[in-house]
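Asks: Next comes the sequence, and after it the predicted model I'd like to discuss.
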Amino acid sequence: MLNKVYNILPGFVQNLAIEIHRDLRLFAYEFLKAEKSAKCSGISKNVLEGFNRSRRYGPLKHVCYAPYTSMFFSRSGLVSPCYASYNSESSHMSQHSIREIWFNGSFRKIREEHSTCNLSSTCKFCKDIMESGSYGSLLINKYEHYAFSKSEYPVIMEFELSNTCNLSCIMCDSNLSSGIAGADCAGTSGNQHYKSRFFDELREFIPYLQLAEFTGGDPFMIEEYYKIWEMISVLNPACNILVTTNANTMNPRVERFMDSHKKISFNISIDSLQKENYEKIRRNGNFEFALNNIEKFLNYSRKNKTQVNILVCPMTVNRNEFADFVNFANEKQICVYFHTVIKPKNLSLKYFDKNELGKLIADMEKQKFPARTKNEKINSRNFSNLIELLKTWYDDKDSEPEAIESQKPEISTEEAEKILRDKVLTHSPHLADKFDELLSGICDFENADYVKMRLFNVKDDEFFEYLADKSISDLIEICRGLKK
C-alpha cells in the first residue's frame with residue numbers, strides 16, 4: 001500500500017520522503033551502531049559506519065539486498081545474486097531448478113555469510129571498493145531501492161544468457177562478445193545452458209518481478225530474450241524491462257518489441273562522443289547509427305515515461321571525455337553512470353601512469369556542472385564518485401610494494417594444474433572451458449610439464465588477462481615458445 005502511494009507522489013515529494021526516512025534511520029543508528037558493529041564482524045567498524053552513512057535510505061538491516069531480491073543468470077549457467085558474485089560454488093542451472101537455487105542452493109550460503117557482513121569469499125568485488133571508501137561506486141547501491149520488498153520471490157532477474165553481439169569492443173572479452181569469441185572459441189558462443197526447462201520454470205517467478213534486466217552480448221540480437229519478453233507481456237505486463245544495448249541494432253523486430261511493451265528502459269553503452277575514437281573502441285560499431293538509435297530510445301522513453309541512461313567504461317583511451325559525457329547526459333535530460341574498469345590492464349586507469357593519473361584528477365576537479373534537476377544532481381554525483389575512485393587508485397600507488405615475482409613452494413605438475421583450475425573456477429568460471437582447451441593444446445609438448453609450471457608461476461592478474469583476451473591458437477603459440 002505504501003509503495004503504491006509513494007509511486008504516485010511527485011518527484012520532489014518522493015525525494016523529501018527519502019530524506020526524512022534516511023535522517024530518522026541515521027538518528028536511530030547512533031544508538032544502535034555498537035550492536036550493529038558487533039554483528040557485522042566481517043567489516044571494520046570505521047568502514048561499516050562510513051558505508052551506512054552513505055546509503056541512500058540510511059542504515060538498513062542487510063549489508064546488501066541482492067541476495068534477498070535478485071537473481072543473475074550468467075552465460076556459464078552459474079546463478080548468483082549479481083554479475084560480480086558468481087564463482088565455482090554458485091549453483092548451476094544444469095544441476096538445479098530456479099526454485100531450488102533461490103530458496104536453498106548457493107543463495108542460502110551467501111545470505112548466511114552476509115548475516116555477519118562476510119564479503120570475503122563471494123563478494124570481494126564490493127568488499128575491495130568498500131574498504132577503499134568509494135561507497136558511491138558500490139554495486140550494492142543498485143539493490144537498495146528494493147530493500148523494502150516483502151516478496152519471498154526475487155523481484156529482480158538479470159539475464160546474461162548469451163554473448164551474441166555485433167561488436168568486438170577493445171575492453172570486452174569472448175564471454176561477452178561472440179565477435180571476439182570467433183572461430184578460435186568454437187562452441188563457446190551463444191546460449192549454452194538455458195533450454196526449455198529453464199523457460200518453463202520462469203513462469204512461476206515472472207509474476208513477482210518488478211524488474212527484468214537483459215544484457216549480453218547485445219539483447220536485441222539474442223533470440224531467447226524475445227521469448228522471455230513475450231512471457232512477461234502475458235504473465236506480468238506491469239514488470240519493468242531494462243535493456244542494456246550498444247545501440248547498434250535496430251530493425252523491424254526491435255521496433256515491434258518497442259511498440260508492444262510500454263515499460264522498457266534503456267541502458268546505452270557508449271564510450272566516446274567522437275566518431276573516430278568511438279569506432280576504435282567499439283570495433284564494428286557505427287557512430288552515426290548509434291546516435292540515431294539513441295534518439296529513437298529517447299523518443300520512446302519520453303512517450304512512455306521510462307528511463308534512458310548512458311553507461312561509460314572510463315579508460316585510458318577516453319579519459320579526456322568524462323566531462324563531455326556528463327554534459328551530453330544533461331543536455332538529453334538523462335543520467336550517466338561510470339563502470340569500474342580494472343581489466344584489461346592496459347586500458348584501466350587503475351594501472352595508469354601515476355603522474356598522468358594525477359593530471360587527469362586535477363583536470364576533472366576543475367569541472368563544474370549544473371545541479372538543478374534530479375538527473376543533473378545524479379550526474380554530478382556520479383562524476384564526483386569517479387574522481388574519488390581514481391583518487392584511491394592514485395593513493396594506492398604510494399603503498400604498492402615493488403613488484404617481485406612471488407616465491408611459491410615446490411609442488412608437482414598435477415598439483416599446479418589443479419590449483420590453476422581452481423583459480424579459474426573461482427575467479428573466472430566463464431573461462432573454464434577455454435582453460436581446459438589450452439591444457440589439451442599443450443599436453444603433447446615435449447616440455448608440457450615445464451610449460452604448466454611456467455603458467456603456474458605467472459602472476460594471477462596477468463594470467464587471467466591473457467586467458468581472457470588471447471585466442472586459443474595465440475595462447476598455444478605463446479606456450480610453444482616457452483623454453484628452459
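Replies: Yes, it's here. Small disclaimer: the values here were computed from a predicted structure and weren't measured.
Asks: can you give me the helices in the stretch 1-150 of the chain?
Replies: In the stretch 1-150 of the chain, the helices defined using DSSP state H, counting those that start in this stretch lie at 2-8, 11-39, 45-54, 66-69, 98-103, 105-114, 124-132.
Asks: So which of the ones you listed is the most surrounded?
Replies: Most buried of the helices of the stretch 1-150 of the chain by mean neighbour count (mean count of other Cβ atoms under 10 Å) is helix 66-69; its value is a mean of 25. Glycine gets a C-beta too; all of them are placed from N, C-alpha and C.
Asks: Just give the closest residue to the residue positioned nearest the centre of the chain, not the sequence neighbours.
Replies: By Cα atoms, centre = their mean, the chain has its centre lying nearest to residue 83, at 5.2 Å. Excluding its sequence neighbours, the residue lying closest to residue 83 (Cβ to Cβ, 6 or more residues apart in numbering) is residue 72, at 5.4 Å.
Asks: and residue 326, how many neighbours does it have?
Replies: Using other Cβ atoms under 10 Å, residue 326 is surrounded by 24 other residues.
Asks: just checking, residue 240 touches residue 211?
Replies: Yes - under the criterion of Cβ atoms under 8 Å, residue 240 makes contact with residue 211 at 4.8 Å.
Asks: In stretch 235-253, which of the residues would be classed as buried?
Replies: Residues of stretch 235-253 classed as buried by neighbour count (16 or more other Cβ atoms under 10 Å): 235-236, 239-250.
Asks: I'd like to know which of the residues you listed are part of strands.
Replies: In this view, the buried residues of stretch 235-253 that belong to strands under DSSP state E are 240-245.
Asks: List just the nearest of the residues you listed to residue 137.
Replies: residue 244 (18.1 Å; Cβ to Cβ).
Asks: Which residue is the nearest non-sequential neighbour of that closest one?
Replies: Residue 244's closest residue in space is residue 267 (Cβ to Cβ, 6+ apart), at 4.1 Å.
Asks: wait, what's in contact with the one you found?
Replies: Applying Cβ atoms under 8 Å, 6 or more residues apart in numbering, we find residue 267 in contact with 242-245, 309-311, 337.
Asks: Now do the strands in the stretch 301-450 of the chain.
Replies: For the stretch 301-450 of the chain, the strands defined by DSSP state E, counting those that start in this stretch occupy 308-312, 335-338.
Asks: For those, give me TSV that also has distance to residue 366 and mean pLDDT.
Replies: Converted to TSV, the strands of the stretch 301-450 of the chain look like this (distance: least, Cβ to Cβ, whole Å; pLDDT from 0 to 100):
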stretch	distance to residue 366	mean pLDDT
strand 308-312	19	98
strand 335-338	18	97
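Asks: Would you mind giving those as JSON lines with distance to residue 88 added?
Replies: Formatted as JSON lines, these follow (distance: least, Cβ to Cβ, whole Å):
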{"stretch": "strand 308-312", "distance to residue 88": "28"}
{"stretch": "strand 335-338", "distance to residue 88": "30"}
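Asks: So for residue 113, which of these sits nearest?
Replies: Nearest to residue 113 among these is strand 335-338; the distance by Cβ to Cβ comes to 27.4 Å.
Asks: What ranges in the stretch 1-150 of the chain fall below the confidence cut-off?
Replies: Across the stretch 1-150 of the chain, the ranges flagged by pLDDT under 70 are 1-12, 21, 31-37.
Asks: Any chance of the helices of the stretch 1-150 of the chain in a markdown table with distance to residue 180 as columns?
Replies: A markdown table is the format used below for the helices of the stretch 1-150 of the chain (distance: least, Cβ to Cβ, whole Å):
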| stretch | distance to residue 180 |
| --- | --- |
| helix 2-8 | 41 |
| helix 11-39 | 41 |
| helix 45-54 | 36 |
| helix 66-69 | 28 |
| helix 98-103 | 29 |
| helix 105-114 | 29 |
| helix 124-132 | 22 |
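Asks: To residue 378, which of those helices lies closest?
Replies: Checking the helices of the stretch 1-150 of the chain against residue 378 by Cβ to Cβ gives helix 11-39 as the closest, at 11.3 Å.
Asks: Residue 413 - nearest residue in space that isn't next to it in sequence?
Replies: Closest to residue 413 by Cβ to Cβ, 6+ apart is residue 449, at 4.5 Å.
Asks: got the end-to-end distance for stretch 212-227?
Replies: In stretch 212-227, first residue to last residue: 13 Å (Cα to Cα, to the nearest Å).
Asks: list the buried ones in that stretch?
Replies: 212-222, 224-225.
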